[in-house]
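> here is the input, now give the coordinates:
(2 chains)
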Amino acid sequence: MTTDKDHIKKSDAEYEIDTLTNKKLLKDHEYDGIRELDNQLPSWWKWLFIITIVFSVVYLIRLWVFRADDLIQRKEFDKEMANAKANAPKVETIEIALLTDATSLANGKETWTKICAVCHLVDGGGLVGPNMTDNYWIHGNTIEDLFNVTTTGVIEKGMISYKDQFSVRQRLEVTSYILTELVGSTPAVAKEPQGELYE
Amino acid sequence: MELQKFTYDNRLSRLFMNATIFWGLIGMVVGLTIALEMIFPHLSGGISWLSFGRLRPLHTNAVIFAFVGNGMFTGIYYSTPRLLKTPMFSEMLGKIHFWGWQLIIVAAAITLPLGITVGKEYAELEWPIDIAIALIWVVFGINLIMTMVKRRVKHIYVAIWFYIATFVTVAVLHIVNSISVPVSLLKSYPIYAGIQDALVQWWYGHNAVAFFLTTPYLGLMYYFLPKAANRPVYSYKLSIIHFWALIFLYIWAGPHHLLYSALPDWAQALGVVFSVMLIAPSWGGMINGLLTLRGAWDKVRESPVLKMFVVAITAYGMSTFEGPMLSLKSVNAISHFTDWTIAHVHIGALGWNGMLTFGMLYWLMPRLYNTKLYSIKMANAHFWLATTGMLFFAIPLYFAGFTQSLMWKEFTEEGYLQYPNFIETVVQILPMYYLRAFGGVLYLTGVVLMIINLIKTAKAGLFVVSEEDQAPALHTADGHGKEKGHRLVESKPILFTILVLIAILIGGIIEFVPMFMVKSNVPTIANVQPYTPLELQGRDIYLREGCYNCHSQMVRPFRSEVERYGDYTKAGETVYDHPFQFGSRRTGPDLARSGVKSGPMYKPDSWHYNHFLEPQKMVAQSIMPPYPWLIKNDLDISTTPRKIKVMQILGVPYPEGYADKANDDLKKQANKIAQGLRDGGIQVEDTKEVIALIAYIQRLGTDIYNTEGSKFSEK
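Okay, the predicted model is just below:
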């Protein structure tokens, strides 16, 4: 590679001058009419390159030599989970009893539409999951019964446990919504009754 | 010195140019189609070969290998003879290259919509086509190298350096990544599995970007920009440094596609740092391009060609800055699996490759037809349509990617996911998909204008079949040994090619050898077992339908993902996955734990059945297309024995002689699933494809919880 010093040593006769930028054109560098200048690398560019190299060396040393926790994803994950656990709000102790206030029922309806409707349909008529508007129940019809189903799930039928996805209050809200609003309503298409009839 | 006369044959350039325009149009129309399918999931009309999962690979392959591929060959076949002052070594090899390449594209355009695929992104084509690609690529390489050998210019110009790097590296990437064992004429399994396959695939995938979309186009930039601007290249020194730094560093960067995956930390770290170190070498190319225009900016205002070059180079600078940023783990944690990636690659594709190609075509067409461009106005209109189209494409997708990622990660105060139902995060960003499609329409409109403009230009002129030129013969003794360093290497193209090969092999070797040789990189999990024959067949349907284009199978070790999907994915769980199916975009939820009954992703068989038939029946706002043919078609079980045998060749531990009784097990398992569905009131036969796919989905992610022992009946 030719350096600046070499260039200075050479006589000016080796160069022609680019008239627009007043820079020297390299002699013998002509390819199908394309000429080449030999401008210095911009210093910010050189520094950018050097900084990224230094960053890389430090990064690899931190991982390979010092085993820095924030670069080991197993440790990063454990830390995130531990933090979440430490900051988890205390579990609200609420009595498992039917909620009837409008706010709770509205929240319950929201959860129903977002989550439960996937298998039970928005109007509760039932699809993969059973019809929730009639009075036939597979696992009982009290608020406790319904709440327990959301907590433990009915895995063999495809109903998963929602205890890690929804709080006690949220599960109580949605089961209250079922018992107060859906049961007794008339869905567009009702799935055939399943379970026992509760009068 | 005595001058020798010779001619440049323009016919190959013209052929490749026409192919560029034709396939560009096709590739972009398919792109717009799938953009619309994301808004209107029923657009495919229940027709298998129009579904998103099959058309998306067609779009990416058409744009990369057909549009950009023919674009690079247009420029290479035009510039190489002129830079070396000699005709191409062989017009015959050139023709074989051209027609071979077009046949490969046609084969891709037929097989991909039919679902004939290996299931690895940007390397979907099946083994006979892969072999054809390798052969045609070698034909191209021989022609390039032999043209250099019989050149009349002592030193090879920087554009040629980049062409050499393209030829050498793409050959290595393609061959190493495509090695597979055939099951039949149109089906094969890659020899690598799981996390190792992922490392090889993204070494390939990332460097396809580097050496198919970047280096050849830098070569074109170094030829067509100084030509069009009539300016000298800014800095020869910079050319040298950024060329070697770029090709040496790029090859290491593949693992940045696997950050927070089951890839070991050391390999991820290499992906991070080599991506960061790429900023300066990439920007070296940008600087050398933009500063070549110093003193000529007044010309840029008037010339649509130069304007397009400027936007292309700027887009190159943007995406090569963004790339390293996306490779930082903290940024990647947000961007990965979202539309951010889609926006990023389209800045590269629409901006860098698209605009550079358009500029080159506007410059070249009048020269090939010895006339003037039909309409500067139309070309200017194209420039603005393309630029605004690009912005309408990318900005909404940046917004969509960021929004969706934050929604995935948001927790309520009680510590539950704020948006536990995945579809909410999809519905939120749907308006952005409309804007993206609008951007696509603008961009495509510009291309149509260009096509009209170029056809009118060609009609106004007369094709110049060949051009005469003259130059003194090359005397290798010139210079009398006073040349040193890089100048010397430039005068020895074969040596240059060998040095390039060495530079690009180092990174791959250092990453692959430990990953394949050191056992601790893929810790064994004892209860991970091979797929049952039915699950294996189901997996092949998953590949065929291109499910991986929208669903990932890689739960990252984040609280938000573990809560949403289940335990994060371990390297040892993937050891029988030929090929791996991590995916790169979560248009739908991750499926790595979809079979885990105690997990949050589980759905019963009947749900899956109904969902394949009519997704919106199960998730009203879903943008997944229906798959009625899975329910209609019988599963082809004649392939089972051969598939098991190939898996055994690849080291999957099925019991000896299992191939012959595999179909018995398959039928038993199918019967059990179908009977369960029938008990639930769904009328379905044991033999349908959907049964196999359900079996596969219900198997996913379950092995680490399996306590039942071997699934395979011993002799």
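> elements contacting whatever helix or strand residue B:513 lives in?
With secondary structure defined by DSSP states H and E, residue B:513 is part of helix B:493-517. With contacts taken as 3 or more Cβ pairs under 8 Å, 6 or more residues apart in numbering or on different chains; DSSP states H and E, helix B:493-517 sits against helix B:127-149, helix B:158-178, helix B:194-208, helix B:236-250, helix B:265-276, helix B:485-490. For every residue, glycine as well, the C-beta is placed using N, CA and C.
> just want the most central residue of chain B.
What sits nearest the mean C-alpha location of chain B, by Cα atoms, centre = their mean, is residue B:122, with 3.6 Å.
> who's in contact with it?
Contacts for residue B:122 were tallied using Cβ atoms under 8 Å, 6 or more residues apart in numbering or on different chains; they are B:60-61, B:64, B:204-205, B:208.
> same check, this time on residue A:165
Applying Cβ under 8 Å, 6+ apart, the residues contacting residue A:165 are A:115, B:416-417, B:420, B:563, B:600.
> and for residue B:469?
For residue B:469, the contacting residues are B:5-8, B:82, B:85, by Cβ under 8 Å, 6+ apart.
> pull out the buried members of these.
Of all the contacts of residue B:469 considered here, the ones buried according to neighbour count by 16 or more other Cβ atoms under 10 Å in any protein chain shown are B:6, B:8, B:82, B:85.
> where is the longest helix in chain B?
For chain B, the helix that runs over the most residues, judged by DSSP state H, is helix B:422-460.
> sorry, that was for chain A
Using DSSP H, we find that the single longest helix of chain A is helix A:43-64.
> pull the distance from that helix to the chain's centre.
Between the centre of helix A:43-64 and the centre of its chain there are 30 Å (Cα atoms, centre = their mean, to the nearest Å).
> just the CA coordinates of it, formatted as CSV?
What follows is the C-alpha trace of helix A:43-64 in CSV, where atoms were taken according to Å, rounded to 0.1, in the frame of the first residue of the first chain:
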residue,chain,number,x,y,z
SER,A,43,-10.5,11.1,10.3
TRP,A,44,-13.9,10.7,11.8
TRP,A,45,-14.2,7.5,9.7
LYS,A,46,-10.9,6.2,11.1
TRP,A,47,-12.0,7.0,14.6
LEU,A,48,-15.3,5.3,14.0
PHE,A,49,-13.5,2.2,12.9
ILE,A,50,-11.1,2.3,15.8
ILE,A,51,-13.9,2.8,18.4
THR,A,52,-15.9,-0.2,17.1
ILE,A,53,-12.8,-2.3,17.3
VAL,A,54,-12.1,-1.2,20.8
PHE,A,55,-15.8,-1.8,21.7
SER,A,56,-15.5,-5.3,20.3
VAL,A,57,-12.4,-6.2,22.1
VAL,A,58,-13.8,-5.0,25.4
TYR,A,59,-17.1,-6.8,24.7
LEU,A,60,-15.3,-10.1,24.1
ILE,A,61,-13.0,-9.8,27.1
ARG,A,62,-15.9,-9.0,29.3
LEU,A,63,-17.6,-12.2,28.2
TRP,A,64,-14.7,-14.6,27.7
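> tilt between it and helix B:236-250?
Orientation of helix A:43-64 against helix B:236-250 (axes from the mean of the first three to the mean of the last three Cα atoms, to 10 degrees) gives an angle of 20 degrees.
> now for helix A:43-64, which elements pack on it?
In terms of contacts (3+ Cβ pairs under 8 Å, 6+ apart), helix A:43-64 is packed against helix B:265-276, helix B:279-290.
> of all those helices, which lies closest to residue B:617?
Closest approach to residue B:617 among the helices and strands packed on helix A:43-64 (Cβ to Cβ): helix B:265-276, 40.8 Å.
> stretch B:614-624 - what's its average pLDDT?
Average pLDDT, stretch B:614-624: 91.
> buried sites along that stretch?
Counting neighbours by 16+ other Cβ under 10 Å, stretch B:614-624 gives B:615, B:618-619, B:622-624 as buried.
> next one: the host helix or strand of residue A:35 to chain centre, how far?
Following DSSP H and E, the helix or strand that holds residue A:35 is strand A:34-37. Centre-to-centre, strand A:34-37 and its host chain are 51 Å apart (Cα atoms, centre = their mean).
> what about it and chain B, touching?
Yes. Counting by Cβ under 8 Å from any Cβ of the partner chain, chain B has neighbours in strand A:34-37: A:34-37.
> thank you, goodbye.
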